[in-house]
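1. Next comes the sequence, and after it the predicted model I'd like to discuss.
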Amino acid sequence: IFVSTTTHADMSAAFVPAAASAQRVASTAPWRGLVEKALQKNRSLSNSRYVQLGTIRPDGRPAVRTIVFRGFLQGSDDVTFITDKRSEKVNEVAHNSAAEVCWYFPSTREQWRLSGQLTIVDEAFQDDRLQEARQAAWGRLSDPARVQFAWPHPGKPRELTAEQYEQLTAPGPKEPPTSDFCLVVLQVEHVDHLSLKRNTRSTFTRREGSSGAVEWDVIEVNP
């Protein structure tokens, strides 16, 4: 077994760690460049940005759904998504913020599993940096994507006709998002990377070093 520890001093780029601790010492995640490389190699596939997000329901049962990767939070290695405040996942995260995403890249035949803690950033969230990120995520959405947040409550019985849905409107990309639009931030604590092409597997575990800097333990394990 090969074990190594990576700190922010081991690589040239610097990133702020988690959404909940934006003022802490900058860190570098050794797995991030590998994920970005996989995204680049699979960019011709429209589904390469789709991941499966697993959360825990209040009754303890698992819940999973497919969501779209919206990039890394600027200045950090946190992974971002978006959601509707009225969706079930928001209530699930309020009860238990632990979550995991599973990502499979067909072209390079590799699987990534990223686990950690989720933060839901709604309009009342008290963090200027994350509110700026929420606004930026809203601005990058297409018009059809933004108008979905003006739709009736997700999961409730449908009452509007197709024509009525088409008449709904939403704020523009430079306007404040609707109150139901949320940024979802995953603070990654553990990563499991499996390459089916090379028959290799590595894990990356985040921890705080003695100096207070974020460090990553990298271990090569059996596939």
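-> Received it, and whenever you're ready, just let me know what you need.

2. switch to C-alpha atoms for all contacts and neighbour counts from now on
-> Noted.

3. buried sites along stretch 193-206?
-> H193, L194, S195, R201, S202, T203, F204, T205, R206 (16 or more other C-alpha atoms under 10 Å).

4. Which pair of those spans the longest distance?
-> In the buried residues of stretch 193-206, two members sit farther apart than any others by C-alpha to C-alpha. They are S195 and R206, at 20.8 Å.

5. Show me the shaky parts of this protein.
-> Scanning the chain for pLDDT under 70 picks out 1-27.

6. which stretches of it form strands?
-> 3-7, 50-56, 62-68, 79-84, 98-105, 110-121, 181-195, 200-208, 214-221 (DSSP state E).

7. just the CA coordinates of the fifth one, formatted as CSV?
-> Going back to what we said before, that points to strand 98-105. Extracted C-alpha coordinates of strand 98-105, given in CSV (Å, rounded to 0.1, in the frame of the first residue of the first chain):
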residue,chain,number,x,y,z
ALA,A,98,-23.8,13.9,5.3
ALA,A,99,-23.9,13.1,1.5
GLU,A,100,-22.1,11.4,-1.3
VAL,A,101,-22.0,11.9,-5.0
CYS,A,102,-21.1,9.2,-7.5
TRP,A,103,-19.7,10.2,-10.9
TYR,A,104,-18.9,7.8,-13.8
PHE,A,105,-17.0,8.9,-16.9
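
8. Check which helices and strands it sits against.
-> strand 50-56, strand 110-121 (3 or more C-alpha pairs under 8 Å, 6 or more residues apart in numbering; DSSP states H and E).

9. What lies in contact with that strand?
-> Strand 98-105 is contacted from outside by 38-39, 42, 48, 50-56, 110-118, using C-alpha atoms under 8 Å, 6 or more residues apart in numbering.

10. Check the third one too.
-> With contact meaning C-alpha under 8 Å, 6+ apart, strand 62-68 is reached by R49, Y50, V51, Q52, L53, G54, T55, I56, R57, F81, I82.

11. Next, the angle strand 50-56 makes with it.
-> 150 degrees (axes from the mean of the first three to the mean of the last three C-alpha atoms, to 10 degrees).

12. Now do T205 against W216, distance only.
-> Remark: distance between T205 and W216 (C-alpha to C-alpha, to the nearest Å) = 5 Å.

13. Filter the contacts of strand 62-68 down to the buried ones.
-> Judged by 16+ other C-alpha under 10 Å, buried ones among the contacts of strand 62-68: R49, Y50, V51, Q52, L53, G54, T55, I56, R57, F81, I82.

14. mind listing what's buried in stretch 119-128?
-> Those buried within stretch 119-128 under the rule 16+ other C-alpha under 10 Å are T119, I120, V121, D122, E123.

15. likewise stretch 142-161?
-> R146, V147, Q148, F149, A150.

16. first vs last residue of that stretch, how far apart are they?
-> End-to-end distance for stretch 142-161: 22 Å, by C-alpha to C-alpha.

17. Renumber starting at 4 from here on
-> Sounds good: first residue 4 from here, last item stretch 145-164.
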